[in-house]
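Novice: quick one: sequence and predicted model below, then my questions.
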Amino acid sequence: MTDFAEIWSYLSQGPLLWLTATLAAYALGDACFRAAGRSPLVNPVLIAVAVLAVLLWLTATPYSTYFVGAQFVHFLLGPATVALALPLFDTLPRLRRAFLPVMAALVVGSLTAAGSAVAIAYALGVDGQILASLAPKSATAPVAIGISQNIGGSPTLTAVLVILTGITGAVIATPLLNLLGMKDWRARGFAVGVTSHGIGTARAFQVNPTAGAFAGLGMALNAIATALVAPFVLSLLP
């Protein structure tokens, strides 16, 4: 047992272990997702997060140690976000025809995403740094973390809230939009992208290519809009 503890102590300090654990956890989540017939309730990111959280807890591994290995995956968020421009370019003619509705939806969606979270938390007695961390939670992670730093929030807490927001949107968006009878893939995708950033966009691509393209557009535009909306929403608080 002592030998195992020593070996684990040695391995846990190496970045390769946590990179491998991250990829393995997602592979497990994706396998469960496929086995469940791609049900939105079996979200691979949610499963991967849960598996990694349990592993870190059982091994008493600090998040900072884990992140040394997982930062390569974090780095790939940037190129993955930029790559979403390709399917968006393919739908450019449809985007031009829907320009005004898209802009209107962006303004309303961005204000609602930031404003509702901050207002509900404020009503429940939350204040200060936590409110600032909540405001950008619907923007994609790299942008949300930067916004949080600039408005006095906690980047770490914002990162967690961004992940939770994305997972929640990916799980409930398809059933909810079906229930509402929304059939326009452009509207469905854009709504998911504005509210659930990259994780929701990945889910939108699984449902329909057009929805995925407009989700990517919603995610990109909301990242810009949130940089303006989040400070504005916080300034309205007494």
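Specialist: Arrived safely.
Novice: from now on I want contacts and neighbour counts done on CA atoms only, so please keep to that.
Specialist: OK.
Novice: show me where pLDDT drops low in this protein?
Specialist: 1-15, 74, 77-78, 80-91 (pLDDT under 70).
Novice: tell me the domain boundaries of it?
Specialist: Following the assignment in automatic domain parsing, the chain carries domains at 1-75, 82-238.
Novice: can you lay out these as TSV showing mean neighbour count?
Specialist: What follows is the domains of the chain, written out as TSV (neighbours: other CA atoms under 10 Å):
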stretch	mean neighbour count
domain 1-75	15
domain 82-238	20
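Novice: measure the residue most central in space within the chain to Asn43 for me?
Specialist: Nearest residue to the geometric centre of the chain (CA atoms, centre = their mean): Gly166, 3.7 Å. Gly166 sits 10 Å away from Asn43, taking CA to CA, to the nearest Å as the criterion.
Novice: check Thr59 too.
Specialist: 25 Å.
Novice: now the longest helix anywhere in the chain: how far from the chain's centre is it?
Specialist: For the chain, the helix reaching the highest residue count under DSSP state H is reported as helix 209-235. The chain centre lies 12 Å from the centre of helix 209-235; the measure is CA atoms, centre = their mean, to the nearest Å.
Novice: can you tell me the closest non-neighbouring residue to Ala211?
Specialist: Gly189 (3.9 Å; CA to CA, 6 or more residues apart in numbering).
Novice: quick check: that neighbour touching Pro209?
Specialist: No - Gly189 lies out of contact with Pro209 (CA atoms under 8 Å); the separation is 9.2 Å.
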